[in-house]
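> Pasted the sequence and its predicted model underneath.
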Amino acid sequence: MAVQEKELQEQFKIVDLNQDGYIDASELKKIMKNLGMAHTEEEIEEMLKRADFNGSGKIEEDDFMTIMKEYLSNHRADEKDFAKELFDVFDYDKDGFITRSELQSALVDFLPEHVSKKDVSKMIKHASRSGKARPISFKEFEDLLIDVGFISR
């Protein structure tokens, strides 16, 4: 999910009910939930601690924007790492490409239902930038994960 700066500003205004220009931990938690961002109590506390410069337990909008951009940047790096790990699971021969047979084998290993060779060819063809059923690179695999909303850009 790609979150834009405007969306962050809107969320800040929505949860800042008294419109004093500050939010606290519970309001930060609401924003994270509204944006569909997984978070732990520790992450919320750490974000608040990094942005609460005067120790009031609240953060102002500019500081909120700064920590959210940092959080999103770190989150995207984690997603890219996850995408690479997943790609490596499918790339059995570790040649940097996922072939139709590797995808077929991976799907048999991970999915309970049978996936036909024709369906696997369609998946590979869809992921391949050339539109042909040829092995796909990590970049093509990553783009596919972005297209289906599994990771953000």
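Everything's here; your move.

> ok, now which ones touch the closest residue to residue 43 other than its chain neighbours?
Counting by CB to CB, 6 or more residues apart in numbering, residue 71 is the residue found nearest to residue 43 once chain neighbours are left out, at 7.8 Å. (C-beta placed from N, C-alpha, C; glycine too.) Contacts for residue 71 (CB atoms under 8 Å, 6 or more residues apart in numbering) come out as 37, 43, 47.

> Most neighbours among those residues, which one?
Scoring the contacts of residue 71 on neighbours with other CB atoms under 10 Å, the highest-scoring entry is residue 47 at 22 neighbours.

> what about the helix or strand where that one lies, average pLDDT?
Per DSSP states H and E, residue 47 falls inside helix 41-51. In this model, helix 41-51 has a mean pLDDT of 86.

> Check stretch 75-82 too.
For stretch 75-82, the mean pLDDT works out to 78.

> Report the buried residues of it.
Residues of stretch 75-82 classed as buried: 75, 79 (neighbour count, 16 or more other CB atoms under 10 Å).

> got it, and stretch 35-51?
Of the residues in stretch 35-51, 39, 43, 44, 47, 48, 51 count as buried by neighbour count, 16+ other CB under 10 Å.

> mind saving the C-alpha coords of the lowest-mean-pLDDT helix or strand in the chain as PDB?
Of the helices and strands making up the chain, the lowest-confidence element is helix 117-127, at a mean of 75, by mean pLDDT, DSSP states H and E. Listed in PDB are the C-alpha atoms of helix 117-127, where the atom choice follows Å, rounded to 0.1, in the frame of the first residue of the first chain:
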ATOM      1  CA  LYS A 117       0.900 -26.200 -16.200                       C
ATOM      2  CA  LYS A 118      -1.300 -23.900 -18.300                       C
ATOM      3  CA  ASP A 119      -2.100 -21.800 -15.300                       C
ATOM      4  CA  VAL A 120       1.600 -21.600 -14.300                       C
ATOM      5  CA  SER A 121       2.400 -20.500 -17.900                       C
ATOM      6  CA  LYS A 122      -0.200 -17.800 -17.600                       C
ATOM      7  CA  MET A 123       1.300 -16.600 -14.400                       C
ATOM      8  CA  ILE A 124       4.800 -16.500 -15.900                       C
ATOM      9  CA  LYS A 125       3.500 -14.800 -19.000                       C
ATOM     10  CA  HIS A 126       1.700 -12.200 -16.900                       C
ATOM     11  CA  ALA A 127       4.800 -11.500 -14.800                       C
END
